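> let me see the structure of the following:
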Amino acid sequence: MNEIETERELSVISGEIEAVVFRNDENGYAVLKVRLDDTSQTTLVGCIPYVFPGELITAFGDWVNDINHGRQFKVSFYQQEMPYNENAIFRFLSSGVFKGIGPATATLIVNRFGRRALSVIADDPESLAEIKGINYTKAKKLNEEFLRHSGIQELLAYICNYNLRPVLAMRIYHYYGERSLEVIRENPYIIASALIGGKFSEADRFALETGMDGYSQERIKAAVVFELNHNLSNGHCFIPYDKLAGATAEMIGVEIDDVKKGIDDLVETGDVITEEIAGCRACYLPAIYMAESNVAADLAGRAGAKTRLFADTESIISDIESAEHVNYSPEQISTLKAVTDNNVVVITGGPGTGKTTTIKAVLKLFNTLGLHTLLCAPTGKAAKRMTEVTGYNAYTVHRLLGAKIAEDDETVIFDKNEDDQLICDALILDECSMVDIMLMDALVRALPRDAKLVLVGDADQLPSVGPGNVFASVIASGVVQTIKLNTIFRQGDGSRIVENAHLINKGEYPDLSANTGDFFRLKRSQPSLALNTICDLFCDRLPNNMGTNTADIQVLSPTRKGELGTININRKLQERLNPAGPDKKEIVFGDNIFRESDRVMQIRNDYDIIWSDKAGLLFGNGIYNGDTGTITEINTDLDYICIDFDGKIVKYGYESLIEIEHAWAMTVHKSQGSEFEAVILALSANSSLLLTRDVLYTAVSRARRLLILVGDDNVAYRMIDSYRQTKRYNALKTRLVRAAG
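Down below sits the predicted model:
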C-alpha cells in the first residue's frame, strides 16, 4: 500500500466473494457481492480485478451511500486469499476460473479431497487422476491453470498497488509467465513496449515509485529508446540528434546535456546508431538502420544487375493480346517491356488508370515466359482482392514470409529470409505505398537476388503507418525503372469517384453540388446532424433504398476523436445496428462494450495468435493490423470471445481485447489497402493535422461503387488546399542514389 493510504483511517471488512456482479476487464473496476464474516451480505465496488466466487477478500476502504444502489463499500486496496472450506472451494472451482472445470468436476474433486483440494491441485496434480473422468493430461492442465491464476494474482497485487491498469498485468503475464515480476522489476519500461501496450507515462511513474532515480542514466536511456520507438509510429526512421535530445529532456524533465550523455552512451554500446545524413546527425535504432541500408543496397543491386533477355518481347505481347482479347495501351506495353528488361520495376498510378489490368498483363507475361511468380500485398483485404482479379493465390506479406514472434517475446522474425529464401522467379507486390521499411527489408532478404520484383501502388496515397516512406522514396531516387500510368480508363464508365479523386489529387475542387452517378455530397454544417445522417444512411437509407448490404458499407473518418470521430460513430452505430438484448452476450472493456455480432478490427499485428477454420480442421497463426471480423461468441464464464475474420476463427482471452476495436467506422489511415462497395466519409473539422489532401484522396479512392461525403463542404475544400506531406525522417532515397553510384 502507498503512504497516502496508510496516513488516513480506512475501514476494514473481510468475507467470501459470492458473486461478481460486474467487471470491466480493462481497468479492473468490479462490483462484488460478499458474504462478510458476520454472515451479512454487502456490495464492494472499486478496482478489484481478477477475483472469483469462493475466494476470500480483505478490503480496505470507506462506506459510501450510492444514490441508486444504497450502502456500498468502496475499496481502496485489498488482499486476496484462496478459499479454505469445502463449499467455498466448490464455488471457486466451478466459477469458470479454470477452463474445462464445471460444477460436476468440481464436485468430484471436493468430494475426493475436501479442504485439501487446492493444495492437491497445486502440489500433487497426479493424485487428481485418481478421479474418474480426470486423466493425467487434464490433471496437469488444471495444475498449470492454477499456477497461472496464482501468478496473475501475485502480479496484480504488485502492480495494482502502483495504480497501473490491471490489463497490463494480464498482458505481461501472457508473454512472460512466471518470470513476470522479475521482468518488470528489472525493466519497468517493458510496460511501455508495443508488446504490452502501456503508456510511457505509466511505466515511468511506476519506475520512479519503485525506486528509480529521476536523473539516473538508466531512466534517461530508457526514455531515449522510447522516443525513437515512439517516432517509428509517426513514420520516422531516424531522429536528428538535437531534436531527440530536446524532446527526451522535455518529456522526462531533465537537463538536455544529461540526455546527450545518455545518447552518447547508447551509441557507444551499439543501442543507437548515428550517421551524418543531409547535414544532420541522424539517430537510428539498430534494426531500422540495418533495414534501410539493406533495402537500398538490395534495390540498387537489382536495378543495376543484368536481367534475362527475351529476343521477341513484342510478338509475345501480341500473342497475349490475341489470347486474352485485349488491346494494351502504350503505357501498359511499355510496362511489359520494362518488367522483361529489368529485375526491379515500379508501376504507379491513380484510381482507374489500369493498375489491376497491368498486374494481370505482367502475370500473364511471366507465365508465358515460364517464370514462377508469387503475388502478395500488405493486408488481407488487398491480398484477397488481388486473388479475385488475377485468379491466382495472393498472400499477405506477413503470411508469405512466415512472420512470428521470437523467443524474446518482442522481436518479429520471419521463417523466410536470406538463409531460406522464397522459391520463385518473380514477385509482384501490390499496394506498395503501405509497406514500411522493416517489412520491405524482410521481403527483399527473402527474395532470391536473380528474381524479378514488381512494386505496384499509388504514390499519392497516404504512406505506411510504420517507419519510412518506401514507395515514394524509391520513385524519387530515380534508381529504379518507374512506369507511371496516366490514362484514366474508368472515367469512360462515368465514374465520378475516379474523376473527382484525380481532381482532388491535382488540388482542384470537384463539383460537390452535382449529386449524380456514384459520387454524392450531403451537406451538414452541424456535427450532430452529420452524425444522424451517417447513421441513417448506414442503417436504413442505403440498405432499404439502394439495396446495399450493410456488410458492404464502410464509414471513414480522418480522426478517432470528436463527434464525427470513429469512436463516437461506432458507438452510435452499435446502438442502432446491434443493440443490447437478453439473448446477446456482451463484455465491458475500458470504454467499450463488445457484443456478439459486433463488427471489429484488429489494431496491431499479433503474429502468434492461433486461428482455425470454421470446421476446426485447418489451423494457422497470425492476425494482422487492419483485419476485420465479426464477434460470433462471448463466453463470460471462461473469459473469451470468438471472432470470425473472414473464415479464420480466433479465440481472444480478455487480456487481448486491447488489440481490437469496433469497425463499422474506421480512420482513413486504417482503410489503406482496402476497397469497399460503399463508403460514407465523415467530413470532420476536429483535427486540423489530419485535414490534408492525401487523406481526402485516399478516402475517396477506397470507394468502388458509391461514395457519400457527409458534413461541411469547407472541410473538403480545406483538405484539398492543404498539400503538406508530413515530413518523415528517412534516408532511403539518399542511400539508393549512393548505392547506385
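> going forward, measure contacts and count neighbours with C-alpha atoms only.
OK.
> residues contacting stretch 152-165, please?
1-2, 26-28, 49-50, 77, 79, 166, 169-170, 173, 180-181, 202, 206, 209 (C-alpha atoms under 8 Å, 6 or more residues apart in numbering).
> least confident secondary structure element in this protein?
Lowest mean confidence among the helices and strands of the chain (mean pLDDT, DSSP states H and E): helix 3-6, at a mean of 38.
> let's see which of the contacts of stretch 152-165 end up in strands.
77, 79 (DSSP state E).
> buried ones among the contacts of stretch 152-165?
26-28, 49-50, 77, 166, 169-170, 173, 180-181, 202, 206 (16 or more other C-alpha atoms under 10 Å).
> buried ones in stretch 702-715?
For stretch 702-715, burial by neighbour count (16+ other C-alpha under 10 Å) applies to 702-713, 715.
> for stretch 566-578, same thing?
Quick answer for stretch 566-578 (16+ other C-alpha under 10 Å): 566, 567, 568, 569, 570, 572, 573, 574, 577.
> tell me which element the fourth one falls in.
Same thing as residue 569. Per DSSP states H and E: residue 569 is located in helix 566-577.
> same for that helix, what does it pack against?
Helix 566-577 sits against helix 527-536, strand 665-667, with contacts defined as 3 or more C-alpha pairs under 8 Å, 6 or more residues apart in numbering; DSSP states H and E.
> residue 416 contacts residue 404, correct?
No: Residue 416 is not in contact with residue 404 according to C-alpha atoms under 8 Å; the separation is 10.8 Å.
> so what's residue 328 up against?
By C-alpha under 8 Å, 6+ apart, residue 328 lies in contact with residue 321.
> gap between it and residue 341?
Computed as C-alpha to C-alpha, to the nearest Å, the residue 328 to residue 341 distance reads 18 Å.
> nearest residue to the middle of this structure?
Centroid check for the chain by C-alpha atoms, centre = their mean gives residue 604 as the closest residue, at 1.7 Å.
> against residue 197, how distant is it?
Distance from residue 604 to residue 197, by C-alpha to C-alpha: 10 Å.
> burial measure for residue 681, as a count.
Residue 681 sits with 26 neighbouring residues when counted by other C-alpha atoms under 10 Å.
> apologies, that question was intended for residue 104.
Neighbour tally, residue 104, other C-alpha under 10 Å: 10.
> hang on, it in a helix?
Yes: assessed with DSSP: H, G, I helix; E, B strand; the rest coil, residue 104 lies in a helix.
> which pLDDT value goes with it?
Residue 104 carries a pLDDT score of 87 in this model.
> residue 660 too?
94.
> so what's it closest to, chain neighbours aside?
residue 602 (4.6 Å; C-alpha to C-alpha, 6 or more residues apart in numbering).
> using PDB, list the CA coordinates for the helix holding residue 569.
Once non-C-alpha atoms are left out, helix 566-577 reads as follows in PDB (Å, rounded to 0.1, in the frame of the first residue of the first chain):
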ATOM      1  CA  THR A 566     -14.600   6.800 -35.400                       C
ATOM      2  CA  ILE A 567     -15.000   6.100 -31.600                       C
ATOM      3  CA  ASN A 568     -18.300   8.100 -31.400                       C
ATOM      4  CA  ILE A 569     -19.600   6.900 -34.800                       C
ATOM      5  CA  ASN A 570     -19.000   3.300 -33.800                       C
ATOM      6  CA  ARG A 571     -20.800   3.800 -30.500                       C
ATOM      7  CA  LYS A 572     -23.900   5.300 -32.300                       C
ATOM      8  CA  LEU A 573     -23.900   2.600 -35.000                       C
ATOM      9  CA  GLN A 574     -23.700  -0.200 -32.400                       C
ATOM     10  CA  GLU A 575     -26.800   1.300 -30.700                       C
ATOM     11  CA  ARG A 576     -28.600   1.200 -34.000                       C
ATOM     12  CA  LEU A 577     -27.300  -1.900 -35.600                       C
END
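> now the angle from that helix to helix 527-536?
Here the directions of helix 566-577 and helix 527-536 differ by 50 degrees (axes from the mean of the first three to the mean of the last three C-alpha atoms, to 10 degrees).
> for the residue nearest to residue 660, list the residues it contacts.
When contacts are taken as C-alpha under 8 Å, 6+ apart, residue 602 is in contact with 623, 624, 625, 626, 627, 628, 659, 660, 661.
> now residue 520
Taking C-alpha under 8 Å, 6+ apart, one finds 512, 514, 707, 708, 709 in contact with residue 520.
> check which helix or strand covers it.
strand 519-523.
> the strands in the stretch 151-300 of the chain, which residues?
For the stretch 151-300 of the chain, the strands defined by DSSP state E, counting those that start in this stretch cover 238-240, 273-277, 280-284.
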